[in-house]
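Asks: Return atomic coordinates for the entry below.
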Amino acid sequence: MTLPADPLFATFVRAFLVMLFLGAAMSKLPRREEFYGVVRNFRILPEALARPVALALPVAELVIAGALLASPTAPAAALAAAALLAVFGVAIAVNVLRGRTAIDCGCLRGGMKQPLGWMLVARNGVFAAAAVWLSLTLSTAGPADVLSLTVGTAAAALAMLITLGASLLGGLAAAGRSQSSSST
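Replies: From the prediction side, this is the model:
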């Protein structure tokens with residue numbers, strides 16, 4: 001069996017996207033006002049849409065995560081995930097092009113501000129491409145056995161930890177640069 005149709009790889013991508021969207025939603029829901037500020041700070045939407053979008057995004061992320069878990073809805077959910085990731089990537093790219101890199105991406109709300117940059121745009125592009133791949137290959141991957149489910153989910157959890165660690169390191173580096181520039 002080739003890699004693109006491998007149930008283990010499909011399980012890995014699917015589980016990673018579930019964790020990504022679930023984590024993003026769960027980190028934003030208790031910090032709705034803070035996330036509203038992040039959405040406003042992107043200066044992409046008209047002011048009247050900023051609050052409704054800030055309220056709807058975590059709910060959409062939860063729906064996508066849940067729909068990825070159910071086989072009948074997983075292909076459509078993967079496409080929705082790709083679309084949302086692409087929109088986020090475009091919004092980040094617009095602000096990077098404007099020179100507005102010191103604002104927080106709002107990706108995972110944990111008190112650590114993560115500045116915008118081309119790495120975030122690339123990250124979202126990779127995640128979106130993986131979601132499109134998943135949508136296109138779920139029907140050909142075949143059912144996952146217990147070993148594929150276990151290994152794929154464990155690998156996704158490890159990849160999610162690496163992603164979160166990289167985000168935290170990026171936030172720490174930005175905080176360090178900000179502190180050193182304000183003290184000089």
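
Asks: tell me the mean pLDDT over stretch 65-80?
Replies: Computed over stretch 65-80, the mean pLDDT rounds to 96.

Asks: Quick check, Leu120 in contact with Cys107.
Replies: Yes - in this structure, Leu120 is within contact of Cys107 by Cβ atoms under 8 Å, at 7.5 Å. All C-beta spots, glycine's among them, are computed from the backbone N, C-alpha and C.

Asks: Which residues are in contact with each of these two?
Replies: Gln114 (Cβ atoms under 8 Å, 6 or more residues apart in numbering).

Asks: Helices of this protein, residue ranges please.
Replies: Secondary structure of the chain, counting by DSSP state H: helices at 7-28, 32-42, 47-69, 74-97, 118-141, 146-183.

Asks: Could you dump the ones you listed into CSV with distance to Ile103 and mean neighbour count added?
Replies: Formatted as CSV, the helices of the chain follow (distance: least, Cβ to Cβ, whole Å; neighbours: other Cβ atoms under 10 Å):
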stretch, distance to Ile103, mean neighbour count
helix 7-28, 16, 22
helix 32-42, 5, 17
helix 47-69, 14, 17
helix 74-97, 6, 19
helix 118-141, 11, 18
helix 146-183, 11, 14
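
Asks: And those helices, which one averages the lowest pLDDT?
Replies: Taking the mean pLDDT of these, helix 146-183 comes last: a mean of 80.

Asks: So which residue is dead centre in the protein?
Replies: Leu20 (5.3 Å; Cα atoms, centre = their mean).

Asks: ok, now which ones touch that residue?
Replies: Neighbouring residues of Leu20 by Cβ under 8 Å, 6+ apart: 127, 160, 163.

Asks: Distance check, it against Ala141.
Replies: Using Cβ to Cβ, to the nearest Å, Leu20 is found at 19 Å from Ala141.

Asks: Nearest residue to Ala102 in space, please, no chain neighbours.
Replies: Counting by Cβ to Cβ, 6 or more residues apart in numbering, Ala102 lies nearest to Pro115, which is 5.7 Å off, once chain neighbours are set aside.

Asks: Tell me, how many residues neighbour that neighbour?
Replies: Residues near Pro115, counting by other Cβ atoms under 10 Å, number 19.

Asks: With distance to Pro46 as new columns, can the contacts of Leu20 be given to me in CSV?
Replies: As requested, these are exported to CSV (distance: Cβ to Cβ, whole Å):
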residue, distance to Pro46
Phe127, 27
Met160, 34
Thr163, 32
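
Asks: Who's the closest spatial neighbour of Leu22, skipping the chain neighbours?
Replies: Once flanking residues are discounted, Leu22 sits nearest to Ala65: 4.2 Å by Cβ to Cβ, 6+ apart.

Asks: All good on my end, thank you.
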